[in-house]
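Visitor: using only what follows, build the 3D model:
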Amino acid sequence: MIRVYLILVVALIASPLPASAQSSVFLEELTWTEARDAVRGGKTTIIVPTGGTEQNGPHMVLGKHNIIVKFTAGEIAKRLGNAIVAPVIAYVPEGSIDPPESHMKFSGTISLPQEHFEKVLEFTARSFRAHGFLDIVLLGDSGGNYDGQRAVAQALNKEWTSTSTRVHSVEANYDANGSTDWLRRQGETAESVGTHAGIPDTSQMLALHPDGVRRAKLALGQADDGSGVTGDPTRATAAYGKQLLEFKIAAAVRDIKGLRESSRKIPRLVAPDVSSDPIPAASDGRRGSTPPAGEPRR
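Guide: Alright, predicted model coming up:
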């Protein structure tokens, strides 16, 4: 009996980690050798999620963007099949610190100056290029992140034109994914949907991290009323959230696939179609030759 027990213990100790632990799409869950081998095996797309630590009204936690963008990035990577997700960049531009502006007027918000945010993105991208990644995807979940993402992508793509590495600022997941139109078809209005911490944000958090929503504090908010809410989060539901997350994920997958292809297309110089030239060849075999002055064209 003791011998059988010892055999079982040895077998458990010697057994490898579950496959799921070694095949995670999240870079921070891999060892350096697993990350290296993933790139060598063809996982050459790295998704860099940019979130933000900002106020989201009295009813929702400050890490909303980080929670949402990590989840969506993971699902996007799984659907692409050859992508890995970098750790979320949680510090982004949120407004002037002194004097405080925008979200910085609310406790808990963390803001970076624009130039420092861009440097973080730049050297993140440079690091991943050094490790062999070919497509570096900057995936935002906050509107204020996109100017910096675009600037870095444009600058590095210009520098790396002659290489096989490209940087993409992906935005379709956030502002052009069809979610607002869909909510209106469900009977919601522009006022109830809102622009910050309203139906969309709160619904996604109810679907992903319901403990991050203080239901007793859900209340309609309007711009400049001091709540930090614009919209009606009381109408948010987890069912809404699941559909809105799907819109984000599907739009980003389409965008990334398109960018990976279009960013490497080399414009072709199209030669003029001389076959349709109405001018007949000259008697000496030259096509479209110009006759001497005063002589009619043959």
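Visitor: output the below-cut-off pLDDT ranges for the stretch 1-150 of the chain.
Guide: Within the stretch 1-150 of the chain, the segments meeting pLDDT under 70 span 1-22.
Visitor: quick one, strands of it?
Guide: 45-50, 83-85, 135-140 (DSSP state E, counting those that start in this stretch).
Visitor: which residues are contacting the last one?
Guide: Residues external to strand 135-140 that are found in contact with it (C-beta atoms under 8 Å, 6 or more residues apart in numbering): 44-50, 69, 72-73, 76, 83, 121, 125, 128-129, 146, 149, 152-153, 165-171, 173-174, 252, 256, 259-260. For the C-beta atoms, the positions are set from N, CA and C on the backbone; glycine is no exception.
Visitor: equivalent analysis for the shortest one, please.
Guide: The set of residues that contact strand 83-85 without belonging to it, under C-beta under 8 Å, 6+ apart, is 25-27, 30, 35, 38, 43, 45-47, 49, 70, 73-74, 76-77, 137, 256.
Visitor: and with 10 Å instead?
Guide: The contact list for strand 83-85 (C-beta atoms under 10 Å, 6 or more residues apart in numbering) reads 24-30, 34-35, 38-39, 43-49, 69-70, 72-78, 128, 133, 135, 137, 139, 253, 256.
Visitor: that older thread, of all the strands of the stretch 1-150 of the chain, which one is nearest residue 200?
Guide: Nearest to residue 200, of all these, is strand 135-140, at 14.9 Å by C-beta to C-beta.
Visitor: buried residues of the closest one, list them for me.
Guide: 135, 136, 137, 138, 139, 140 (16 or more other C-beta atoms under 10 Å).
Visitor: tell me what the nearest residue in space to the last one that is not next to it in sequence is bridged to.
Guide: In space, residue 140 comes closest to residue 50 once its chain neighbours are excluded; the distance is 4.8 Å by C-beta to C-beta, 6 or more residues apart in numbering. The partner list for residue 50 in beta bridges (DSSP bridges) reads residue 89, residue 140.
Visitor: so residue 50 makes contact with residue 147?
Guide: No - look at residue 50 against residue 147 with C-beta atoms under 10 Å: they stay out of range, at 11.5 Å.
Visitor: can you give the distance of stretch 123-130 from its chain's centre?
Guide: With C-alpha atoms, centre = their mean, to the nearest Å as the basis, stretch 123-130 stands 16 Å off its chain's centre.
Visitor: ditto for stretch 155-163
Guide: Worked out by C-alpha atoms, centre = their mean, stretch 155-163 lies 20 Å from the chain centre.
Visitor: got a list of contacts for that stretch?
Guide: 118, 121-122, 125-126, 129, 134, 136, 165-169, 263.
Visitor: 8 Å instead?
Guide: Contacts of stretch 155-163 (C-beta under 8 Å, 6+ apart): 122, 125, 126, 129, 166, 167, 263.
Visitor: among these, who's most crowded?
Guide: residue 167 (27 neighbours; other C-beta atoms under 10 Å).
Visitor: for residue 40, which non-adjacent residue is spatially closest?
Guide: The nearest residue in space to residue 40 (C-beta to C-beta, 6+ apart) is residue 132, at 7.6 Å.
Visitor: residue 50 and residue 147: who's more crowded?
Guide: Just comparing residue 50 and residue 147: by other C-beta under 10 Å the higher neighbour count belongs to residue 50, 29 against 14.
Visitor: which parts of the stretch 151-298 of the chain are strands?
Guide: Under DSSP E, counting those that start in this stretch, the stretch 151-298 of the chain gives strands at 166-170.
Visitor: this completes my enquiry, with thanks.
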